[in-house]
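Engineer: I need the structure of the sequence given here:
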Amino acid sequence: MKLVKTSANLLGVLAMSLCLASGRWAQAMPAKKPKPTRKARVTAQGQPAAAAKKTATPAPGAEKPVAINKRDPFAPLVSDKKDNNSGLHLPPGKAGLVIATVRVDGAVHSPNGMIAMVSNPANSVYFIREGDRLYDGAVEKIGLDGVTFRENSKDAFGKPVERVVTKRIYASAGEQQ
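Structural biologist: All right, here's what the predicted structure looks like:
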């Protein structure tokens, strides 16, 4: 019997402390704002309440949240994959052909000179002639076995570099197309 009275007293003390603690929490927490009704409220200045909120200035002691952009610690610092100008918005037609992605499909001798048939990764076919301007260079020479391009690019330090790229119709062993 004595044990039952002691446990009842202990429960009473716990219940009392919870009531007191919840009263302290209620005093420390700000009061909830009432939900606005469907009707538009008008402030004392005659503006709608939504417009008054937009023009209100923050309290002097209030801090604005700062967005922190942190780098993913597990992402590699140097990317192994080549970009190949995939993020660029290329112009339409021959002017949008990137030399690194062009595939030479054929070459024909015509009365006006040589014409080469090339395609891009989207399998669009273009006919190019010597002297045609491409996105990152120009067509220098067309032969029956391939096309020679003069490519303009930049090195790792941003210095302009010009190089000659030859793409063959039928790649030899060990040669990239």
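Engineer: Tell me the buried residues in stretch 107-121?
Structural biologist: 107, 114, 116-119 (16 or more other CB atoms under 10 Å). The C-beta positions use only the backbone N, C-alpha and C, and glycine is treated the same way.
Engineer: Output the below-cut-off pLDDT ranges for this structure.
Structural biologist: 1-8, 10-11, 13, 15-67, 80-88, 171-177 (pLDDT under 70).
Engineer: A138: neighbouring residues, count only.
Structural biologist: Residues lying near A138 (other CB atoms under 10 Å) number 15.
Engineer: partner strands of whichever strand or helix holds Y126, parallel or antiparallel?
Structural biologist: Assigned by DSSP states H and E, Y126 belongs to strand 125-129. Next to strand 125-129 in the sheet, as set by DSSP bridges, lie strand 113-119 (antiparallel).
Engineer: that older thread, residues touching the strand holding Y126, excluding its own?
Structural biologist: Strand 125-129 has contacts (CB atoms under 8 Å, 6 or more residues apart in numbering) with 93-94, 97, 105, 112-120, 134, 139, 142, 147.
Engineer: what's the answer for stretch 90-108, then?
Structural biologist: For stretch 90-108, using CB under 8 Å, 6+ apart, the contacting residues are 84-85, 114-121, 125-126, 128, 132-137, 142-147, 149, 151, 165, 167-169, 177.
Engineer: Confirm V165 sits in a helix?
Structural biologist: No - counting by DSSP: H, G, I helix; E, B strand; the rest coil, V165 is not found in a helix; it is strand.
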